[in-house]
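# just the structure for this:
(2 chains)
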Protein chains: 2
Amino acid sequence: MYERISELIAEKKFAVLREELKEMRAVDVAEAFDELDKKNTIILFRLLSKDDAAGIFSYLSTQQRKNIVNAIHETQLNEIIDELYFDDMIDFLEEMPANFVKRVLASSTEEERKLINQFLKYPDTSAGSLMTIEYVDLKKEMTVKEALEHIKKTGVDKETIYTCYVLDDKRKLEGIVSLRKLVLFDADLLIAEVMNDDYIAANTLDDQEEIASLFKKYDLLTLPIVDKEGRLVGIITIDDIIDVIDQETTEDFQKMAAMEPSEEEYLHSRAFSLARRRIPWLLLLMVSATFTEGIIGRFEDVLQAVAILAASIPMLMDTAGNAGSQSSTLIIRGMALGEIELNDYLRVFWSELKVSIIVGITLGFLNFVRMMIFSPADLSVGITVSATLVLTIMMAKVVGGILPIAAKKMKLDPAIMAGPMITTIVDALALMVYFTIATTILGL
Amino acid sequence: MYERISELIAEKKFAVLREELKEMRAVDVAEAFDELDKKNTIILFRLLSKDDAAGIFSYLSTQQRKNIVNAIHETQLNEIIDELYFDDMIDFLEEMPANFVKRVLASSTEEERKLINQFLKYPDTSAGSLMTIEYVDLKKEMTVKEALEHIKKTGVDKETIYTCYVLDDKRKLEGIVSLRKLVLFDADLLIAEVMNDDYIAANTLDDQEEIASLFKKYDLLTLPIVDKEGRLVGIITIDDIIDVIDQETTEDFQKMAAMEPSEEEYLHSRAFSLARRRIPWLLLLMVSATFTEGIIGRFEDVLQAVAILAASIPMLMDTAGNAGSQSSTLIIRGMALGEIELNDYLRVFWSELKVSIIVGITLGFLNFVRMMIFSPADLSVGITVSATLVLTIMMAKVVGGILPIAAKKMKLDPAIMAGPMITTIVDALALMVYFTIATTILGL
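The predicted structure follows:
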């Protein structure tokens, strides 16, 4: 798509391009925008038909939108804003400077202004921030036939017509009815008879993660959002939920790798912004790791006496850290998917204990064989290292399994108890076990 | 839900329970099944109406389905199988023993048998394994009105009616048309005029991850799957894609924590099965880590001379590992979401280099201050440790950023180049840098 577009721009075949753009999909054109420089971005945007412009605009990056906003005329911009779905418009306003938002509000009607201000106030990760207001509303007293006629008249501007909302005079949500039913059912039936009044709904301030869980559990395509009085304020559609799922997972990945989460795309982030999100946790873990200096310091004479003991420290630490990461990752993911709950801690404990015995003994035995093959003279060192391996793997897995649950119990995000944190904790434990066993077996 | 159900079972109020079950949602009833023992599972299942049984059956776990299959009569089972959507039936048959599948095939018609056998053959992660065959097919020559009548007649058994498929006499897919258009457009228009013949489609053997990307990119609700001749063989619906997204992410998490991926839920896995998936990578990494033994062995005299150097090894290793994990996680996730491509490797390299200089100098400086406060006498050790920190953080971040891309270039899964692998590589590098700097600065 991009090759063709940039070719036509380079050859200044604008009339041809204008025609071809009409046939292209909005996302594909938006992707081409990503590759163009600022000047060509604006050339391309001016070639779009009025109808296509809004659709493509909603897929563009913040930076490109800003370029376009600065280049096009205010009336043209207002046309685009009018064409955007309400949720896309709110997203757009949120990323623009305050005085721009003021200008848009100034050119809106009293009612629009109230609504925009209300939507701008919803927290970033709440149901409110995902809603749109372009839904079909029906009345209980309508027949199926009247409802279909109503949809035909009003549906063209709606984000979806596949689920319709039955409201009373005060906009209280009385039931929902799918277009499927309206098409399949008898035209003379009343909406009151075909609607579902045992529907799933959520509130404006509910967290987007909970909203995503509802969509997954009940296989929803849309979800109505009501206020405290039960009045319908908006609907959330599945396409926005897929973005939420990706976003929440990315957040988990970032937290699990000991970073402050951010929604910025990597390639669009500045080095300072990336560094700022990485330093705090890295620093905290570094300071925690200095605890291990004290342990080694205490056993300095042991290391002096049997210098070969130092050689196995990195291997023991790495293996312990990896064993703990495996367990904590499984538990964190299980909790994120709702498969593991807080009160499963005993089951997790037993499971990790059993697994860690199998894994620990297997690795300990193989390590012993390895050490006996390469340095058969150091039998007691071989025993020390292998015994430490068994014990640290067991500790690492139990700690890795339990700490994410403990974090959740303390209302922290389980994802912080992932690899880096577990490794730091488990490394200190591994060293203590190592020197304790060494002093016992080697009689130091 | 479960409390109420188990209460009614305990009190043997089966008639009441039967009535209340009719009002409950299938997923919620299926969740209650999870908590019941085998005997009560079967009691509860027998209380379900014929219509509800199939719906709930498709949400149950493999083990519960097997319990039920063994307890109920074959005719009742056949009724359930008939009621299941085709994709759910195939999933069910895939988890049952071969002779059970044979019995089902024996009681099917010739045509059904062919279709079932064809579907059972699709690889587990292919588009084919996600398809269902309950779609609405239309003809180009129909009017919108005739199409709506056709949907009314045949739509009740279809998994979705929101997208309809226009087929020629050989079942070749000529276009798709949404119910939205059929409802909003003029009843006299021909399907040929309203259908979209520039639709997105995929093939039976396409990987489910690519299919999920198509759904995300084009905000699809359904996707037609065609064979090599362009004939429609099935459709995929968005609810199955959400499961695929979760499943692929879980797989990434598991690989990134150095485990063989598995679809088993943690709490339903046996210890041996969990251990088997963890040992291979742990062992490989353990053996790789023994490389560090050689490094320390080579510099044993350095450690003997300045014993205090050993104390900082764990902190240096942990920090290097964490710094590398941060970078590799960001890049792996960026590649999974399609934000970072193979040919971005230079941009990633520069970005990580810049970030690592900022992070490295910050942490190195703070560590130097810390060491000077706690042991001001060891100036040269402080310089050695801090300089090592700066350099290893830089190496860790560049290696962590580039290796996932290199893995993909070599057709490996980038996810294996995550925390554990990067840590093992980076730890060896850190030790080499440490001893090199130490021998230079301390003049050993």
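
# every contact and neighbour count from this point should use C-alpha atoms.
Noted.

# so A:Leu267 sits right up against B:Ile340, yeah?
Yes. Using Cα atoms under 8 Å, A:Leu267 is in contact with B:Ile340, at 7.3 Å.

# quick check: can you list the domain ranges of chain A?
Following automatic domain parsing, one finds the domains of chain A at A:2-128, A:136-237, A:290-441.

# deepest-packed of those domains, please.
Per-residue neighbour counts averaged over each of the domains of chain A give the maximum for domain A:290-441, namely a mean of 21 (mean count of other Cα atoms under 10 Å in any protein chain shown).

# straight-line length of that one, end to end?
One end of domain A:290-441 to the other measures 27 Å (Cα to Cα, to the nearest Å).

# give the rounded mean pLDDT of it.
Averaging pLDDT along domain A:290-441 gives 89.

# from the chain's centroid, how far away is it?
Centroid separation for domain A:290-441 versus its chain: 30 Å, with Cα atoms, centre = their mean, to the nearest Å.

# again with stretch A:181-197
When C-alpha coordinates are averaged (Cα atoms, centre = their mean), stretch A:181-197 and its chain have centres 38 Å apart.

# got the end-to-end distance for it?
Stretch A:181-197 has an end-to-end distance of 14 Å (criterion: Cα to Cα).

# ok, and what's touching that stretch?
By Cα atoms under 8 Å, 6 or more residues apart in numbering or on different chains, the residues outside stretch A:181-197 that reach it are A:139-145, A:147-148, A:166, A:174-177, B:148, B:151-153, B:155-156.

# out of those residues, which sit inside strands?
Using DSSP state E, the members of the contacts of stretch A:181-197 that fall within strands are A:Val166, A:Glu174, A:Gly175, A:Ile176, A:Val177.

# tell me the one of those residues nearest chain B?
For the ones in strands among the contacts of stretch A:181-197, the residue nearest chain B by Cα to the nearest Cα is A:Val177; the value is 14.1 Å.

# separation between the nearest residue to the closest one once chain neighbours are set aside and chain B?
Closest residue in space to A:Val177, ignoring its immediate chain neighbours: A:Met195 at 4.7 Å, by Cα to Cα, 6 or more residues apart in numbering or on different chains. From A:Met195 over to chain B the distance is 15 Å, taken as Cα to the nearest Cα, to the nearest Å.

# please apply the same query to A:Met259.
Computed as Cα to the nearest Cα, the A:Met259 to chain B distance reads 7 Å.

# wasn't that residue part of a strand?
No. Secondary structure of A:Met259 (DSSP: H, G, I helix; E, B strand; the rest coil): coil, not part of a strand.

# which ones are touching the residue lying closest to it once chain neighbours are set aside?
Using Cα to Cα, 6+ apart and skipping the chain neighbours, the partner closest in space to A:Met259 is A:Arg278 (4.9 Å). With contacts taken as Cα under 8 Å, 6+ apart, A:Arg278 has the following neighbours: A:Ala258, A:Met259, A:Glu260, B:Gln326, B:Val359.

# can you give me phi and psi for the third one?
The reference is to A:Glu260. With angles defined as degrees, to the nearest 10, A:Glu260 sits at phi -70, psi 130.

# would you agree it is in contact with A:Arg277?
Yes. Counting by Cα under 8 Å, A:Arg277 is a contact partner of A:Glu260 at 4.8 Å.

# pLDDT below threshold where in the stretch 51-200 of chain A?
The model of the stretch 51-200 of chain A has no residue with pLDDT under 70.

# at 80 what do you get?
Within the stretch 51-200 of chain A, the ranges that satisfy pLDDT under 80 run A:51.

# how about the residues of it near chain B?
Residues of the stretch 51-200 of chain A lying close to chain B by Cα under 8 Å from any Cα of the partner chain are A:Leu148, A:Ile151, A:Lys152, A:Lys153, A:Gly155, A:Val156, A:Ile161, A:Tyr162, A:Arg180, A:Val183, A:Leu184, A:Phe185.

# for B:Thr249, see how far away the residue most central in space within chain A is.
Among the residues of chain A, A:Glu248 comes closest to the average C-alpha position under Cα atoms, centre = their mean, at 1.7 Å. For A:Glu248, the distance to B:Thr249 under the criterion Cα to Cα works out to 11 Å.

# what segments of the stretch 51-200 of chain A are strands?
A:136-138, A:163-167, A:173-178 (DSSP state E, counting those that start in this stretch).

# helices or strands up against the first one?
Right, strand A:136-138. helix A:144-154, strand A:163-167 (3 or more Cα pairs under 8 Å, 6 or more residues apart in numbering or on different chains; DSSP states H and E).

# check the longest one too.
Strand A:173-178 is packed against strand A:163-167, with contacts defined by 3+ Cα pairs under 8 Å, 6+ apart.

# let me see the residues that make contact with the strand it packs on.
Residues from elsewhere that reach strand A:163-167 (Cα under 8 Å, 6+ apart): A:135-140, A:173-179, A:195, A:222, A:232.

# those: which two are farthest apart?
Comparing every pair within the contacts of strand A:163-167 by Cα to Cα identifies A:Lys140 and A:Thr222 as the most remote, at 20.0 Å.

# between the contacts of A:Arg278, which is nearest A:Gln304?
In terms of Cα to Cα, no member of these lies closer to A:Gln304 than B:Val359, at 34.2 Å.

# doesn't A:Ile422 make contact with A:Ala258?
No. Using Cα under 8 Å, A:Ala258 is not in contact with A:Ile422, being 10.9 Å away.

# can you tell me the element the residue of the stretch 1-150 of chain A found nearest chain B falls in?
When scored by Cα to the nearest Cα, the stretch 1-150 of chain A has A:Val27 as its residue closest to chain B, at 6.9 Å. Assigning secondary structure by DSSP states H and E places A:Val27 in helix A:26-35.

# outside of the very next helix or strand once past that helix, which residues touch it?
Sequence-wise, the next helix or strand beyond helix A:26-35 is helix A:38-47, with elements assigned using DSSP H and E. When contacts are taken as Cα under 8 Å, 6+ apart, the neighbours of helix A:38-47 outside the stretch itself are A:Ile9, A:Phe14, A:Leu17, A:Arg18, A:Phe33, A:Ala53, A:Gln64, A:Asn67, A:Ile68, A:Ala71.

# re the thing from before, now for the residues of the stretch 51-200 of chain A next to chain B: which two are most distant?
When Cα to Cα is used, the two most widely separated members of those are A:Val156 and A:Phe185, lying 22.2 Å apart.

# for the stretch 301-444 of chain A, what lies in contact range of chain B?
When proximity is defined as Cα under 8 Å from any Cα, the stretch 301-444 of chain A approaches chain B at A:304, A:307-308, A:310-312, A:314-315, A:317-319, A:321-323, A:325-326, A:329-331, A:333-334, A:339-340, A:347-348, A:351-352, A:354-356, A:358-359, A:362-363, A:419-420, A:423-424, A:427.

# narrow these to those in helices?
Secondary structure from DSSP state H places A:304, A:308, A:310-312, A:314-315, A:317-319, A:321-323, A:325-326, A:329-331, A:333-334, A:347-348, A:351-352, A:354-356, A:358-359, A:362-363, A:419-420, A:423-424, A:427 of these in helices.

# ok so A:Leu232 is a helix residue?
No. Following the definition three-state DSSP, A:Leu232 is strand and is not counted among the residues of a helix.

# identify the bridge partners of the residue lying closest to it once chain neighbours are set aside.
Ranked by Cα to Cα, 6+ apart and with sequence neighbours excluded, the top spatial neighbour of A:Leu232 is A:Val226, at 4.4 Å. When assigned by DSSP bridges, A:Val226 has beta-bridge partners A:Asn203, A:Leu232.

# contacting residues for A:Val226?
For A:Val226, the contacting residues are A:Leu173, A:Ala201, A:Ala202, A:Asn203, A:Thr204, A:Leu232, A:Val233, A:Gly234, by Cα under 8 Å, 6+ apart.
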